[in-house]
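[1] A predicted structure for the sequence below; I have some questions about it.
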Amino acid sequence: MENSIRNVLMMGNEAIARGLLESGCGMATSYPGTPASEILATVLRLKREAGLPLHAQWAVNEKVAFEIAYAGAMTGLRSAVSMKQVGLNVAADPLMSAAYLGVVGGFVVISADDPGPHSSQTEQDSRLMAMMAKIPVLDPDSPAQAREMTRLAFDLSESHGVPVMLRPTTRVCHARQDLPPLPLQTGVRKPVFTRDPKRWAATPKFRLALHHELEARLARISAEPLSEPRAIASGGHRAKAVVVSGVAAAHAREIFAGLSLDGPLALYQVLQPFPLHSAFIRDLLETYDEILVIEETAAVIEMQLADRRHVRGKLNGKVPAVGELLPEHIEALLCRFAGRSAPTVSLPPAPARRPTLCAGCPHRASFFAIKKAAPRAIYTSDIGCYTLGLNLGAVDTVLCMGAAISQAAGFYHAFRDASKKPDLVATMGDSTFFHAGVPALVDAVAQGVRFTLVILDNRTTAMTGGQPTPASGGDGGNAVAVEIEPLVRGCGVKFCRLADPYELPAFIALLKEALTWSREHGPAVVIARHPCLLDRRSRAPGSPRPPATVGDACDGCGFCLNHFECPALVSDADGGRVRVDPLLCTGCGVCRHVCPKGALGIAEESP
Ligand code: SF4
Ligand code: SF4
């Protein structure tokens, strides 16, 4: 048990992790994804530091993570699964079913949303998924409230027998707040599984009864005192009320105080956007002439205010339906609603900076090689750092996790009868291949799809902070590494070769061989293996490699800058050629093979 009374500066995700462990969580699972990744990372760290007995793991994808943690809740353990909002799409199948079956131990589904979106394919609102599943959802406004709501979610889940969703957004997950660390629960419950096939293996007939039960639970939860809305400002003449939730509540509180809006307006914070408390809906509609609803990102609260004649929000265009609601937007909305002149928002735009792969990133070498080997191919790609291959002209499509293979298959079928069939090159990271690539590859093999898959195997889940993949052996002491080559061969692929993209000429030659094979036979797989440079676990011992050099043969043609884009190569306007930034250059030496004049080398070699 911790006895510290000193506050700790906690990130929102760390506060959620502490909330889990302070509540006696016995099982926690996740698949990494920004903005949620630090939740399980913190659970794993605290487990290690405090010797906690819970089971915590990164799973192969969000569906698997959900199902593992849900089984924990079936045995009475307090359990939690965390993911980003698009990960919830992957876990939607067990989510919908688990809502019907219910839980024994408290089960918290943490789905972190990304209004903006800052690092996601969509800015979808997980609260809509909670509505569809018919489970309660809590919407925190800060790290402190996220921790408080984690405990509340366990309590609600256990008292009503349903999974409960916690929906933090990026601004909560990544904000930092000074908070007192409360004692971590050092024991977990004993698991008990009570056999009840009518419930746990319910057939459609019983599912109907379970659906009725779920509706009854929801009615009870919509009157639950623990999660009812909070009145923050009562309003002078009680004609106008503002209803807020999530981060919008934190902004609105500050703006109300700063502009003394509590005279003309009442302010309510909704903690549980679904199911919205029925008494709150009734009182709100009976008491106020006009109601302004401010919430991110969908109109979840607004939709539940059935009488919309007096309601302003996203559905009637009064509140933006797209993007983050920043403080300046909320201030303008509140001022207009209070009948005051709204401040004009004119913030200078942040300087644009094109995201790029790191200097020395092995993916850059892979993409350059792909362009050399198959210059006119259709390039399907996927979700990860390597999406940035689009800067190198080697990424044409990105849809969702695992789609690079299925989309290549779709293009193959579309062009199958065409007189000129394009080469198809799919790129996918190692973690993504485990996550959702395997079923797509099995299908491509079964359908005889003629394409080349390059698995960009950097031995980690790099984009989200370097979490382990099944190939790294997971997190536990007794974990077993699952290697990619036998898995690929087990999918039925006959051409599967491994190479280091740093060996650029040989790698280009291998890709050409794979393409030739795939045009005749079916899927060919090249595993481009080189560790991520940011992954400390795979960093080679010894002194760093010397940086690249630029020789006199450089005439400043710009080919390396435009087609290879290593950030360590910079244009030297005065000298009329490129120069190497020694602070960025990792000495990988790949650029030696890129300059058509042979002007680039590494320190030991004369260019
Ligand atoms: S290093 Fe080579 S490719 Fe780059 S600008 Fe100089 S000559 Fe051109
Ligand atoms: S050696 Fe060349 S490719 Fe590698 S980091 Fe340095 S400049 Fe970039």
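    Noted; the coordinates are in hand. Ligands and ions are numbered 1, 2, ... in the order given.
[2] quick one: stretch 559-566 to chain centroid distance?
    30 Å (Cα atoms, centre = their mean, to the nearest Å).
[3] now swap in stretch 42-61 and tell me
    For stretch 42-61, the separation from the chain centroid amounts to 19 Å (computed by Cα atoms, centre = their mean).
[4] hmm, who's touching that stretch?
    By Cβ atoms under 8 Å, 6 or more residues apart in numbering, the residues outside stretch 42-61 that reach it are 2, 13-14, 17-18, 20-21, 25-32, 40, 65, 68, 72, 87, 90, 184-188, 401, 434-436, 461, 467-468, 470, 474-476. The C-beta positions use only the backbone N, C-alpha and C, and glycine is treated the same way.
[5] Kindly recompute the last result at 6 Å.
    Stretch 42-61 is contacted by residues 14, 17, 21, 25-29, 31, 65, 90, 184, 188, 434-435, 467, 470, 475 when judged by Cβ atoms under 6 Å, 6 or more residues apart in numbering.
[6] do the same with stretch 425-433
    Against stretch 425-433 from outside (Cβ under 6 Å, 6+ apart): 370, 374, 377, 379-382, 384, 386, 401, 404-405, 408, 437, 452-457, 461, 469.
[7] Give me the sheet partners of the least confident helix or strand in the chain by mean pLDDT and which way each runs.
    For the chain, scoring each helix and strand by mean pLDDT, DSSP states H and E identifies strand 311-312 as the least confident one, at a mean of 88. Sheet pairing of strand 311-312 (DSSP bridges) gives strand 290-294 (parallel).
[8] what pLDDT, on average, does the partner strand get?
    Averaging pLDDT along strand 290-294 gives 95.
[9] which of the residues in it are buried?
    291, 292, 293, 294 (16 or more other Cβ atoms under 10 Å).
[10] Check these and tell me the two furthest apart.
    Largest separation among the buried residues of strand 290-294 by Cβ to Cβ: 291 and 294, giving 10.6 Å.
[11] residues near residue 185, how many?
    20 (other Cβ atoms under 10 Å).
[12] mind checking the SS state of residue 519?
    The three-state assignment at residue 519 reads helix, by DSSP: H, G, I helix; E, B strand; the rest coil.
[13] Distance-wise, check residue 360 relative to residue 284.
    Separation of residue 360 from residue 284 (Cβ to Cβ, to the nearest Å): 58 Å.
[14] so the residue lying closest to residue 396 once chain neighbours are set aside bridges to which residues?
    In space, and not counting its chain neighbours, residue 396 is closest to residue 379: 4.7 Å by Cβ to Cβ, 6 or more residues apart in numbering. Beta-bridge pairing for residue 379 (DSSP bridges): residue 425.
[15] Would you agree residue 379 is in contact with residue 398?
    No. The pair residue 379 / residue 398 is not scored as a contact, 10.1 Å apart, by Cβ atoms under 6 Å.
[16] Who are the contact partners of residue 179?
    By Cβ under 6 Å, 6+ apart, the contact list for residue 179 reads 10, 144.
[17] Quick check, pLDDT for it.
    pLDDT, read off for residue 179, is 95.
[18] what mean pLDDT would you report for the one helix or strand residue 208 maps to?
    Residue 208 belongs to helix 204-221 when assigned by DSSP states H and E. Across helix 204-221, pLDDT averages out at 94.
[19] what does that helix contact?
    For helix 204-221, using Cβ under 6 Å, 6+ apart, the contacting residues are 100, 134, 136, 160, 162, 198, 202, 275.
[20] how many neighbours does the fourth one have?
    Residues within reach of residue 160, counting by other Cβ under 10 Å, total 20.
[21] quick one on the thing from earlier: figure out how far the helix holding residue 208 is from the centre of its chain.
    Taking mean C-alpha positions (Cα atoms, centre = their mean), helix 204-221 and its chain are 31 Å apart.
[22] Pull up the gap between the residue of the stretch 301-450 of the chain found nearest ligand 1 and residue 507, please.
    Distance from ligand 1 to each residue of the stretch 301-450 of the chain (Cβ to the nearest ligand atom) is smallest for residue 368, at 12.2 Å. Distance of residue 368 to residue 507, given as Cβ to Cβ: 9 Å.
[23] next one: residue 413
    29 Å.
[24] Compare neighbour counts for those two and give me the winner.
    Legend: neighbour count by other Cβ under 10 Å for residue 413 and residue 507, higher for residue 507 (27 against 11).
[25] so what are the domain limits for this structure?
    Each domain of the chain is listed here as a residue range: 2-221, 228-338, 362-538, 548-602, per automatic domain parsing.
[26] Okay, now the unreliable bits of the stretch 151-300 of the chain?
    Filtered on pLDDT under 70, the stretch 151-300 of the chain yields the residue ranges 236-238.
[27] list the contacts for the residue of it at minimum distance from ligand 1?
    Proximity to ligand 1, evaluated over the stretch 151-300 of the chain using Cβ to the nearest ligand atom, is greatest for residue 174 at 38.1 Å. Going by Cβ under 6 Å, 6+ apart, residue 174 touches residue 35.
[28] Ok, residue 193 next?
    Per Cβ under 6 Å, 6+ apart, neighbours of residue 193: residue 75.
[29] Angles on the backbone of it, please.
    phi -110, psi 120 (degrees, to the nearest 10).
[30] how far is the least confident helix or strand of the chain from where the chain is centred?
    Between the centre of strand 311-312 and the centre of its chain there are 32 Å (Cα atoms, centre = their mean).
[31] Show which residues not belonging to that strand make contact with it.
    Identification of contacts with strand 311-312 by Cβ under 6 Å, 6+ apart yields 291, 292, 305, 318.
[32] moving C-terminal of it, what's the next helix or strand?
    Per DSSP H and E, strand 311-312 leads on to helix 327-337 as the next helix or strand towards the C-terminus.
[33] And the strands in the stretch 351-500 of the chain?
    Per DSSP state E, counting those that start in this stretch, the stretch 351-500 of the chain has strands spanning 378-381, 397-398, 424-429, 452-457, 495-499. These are given in chain order.
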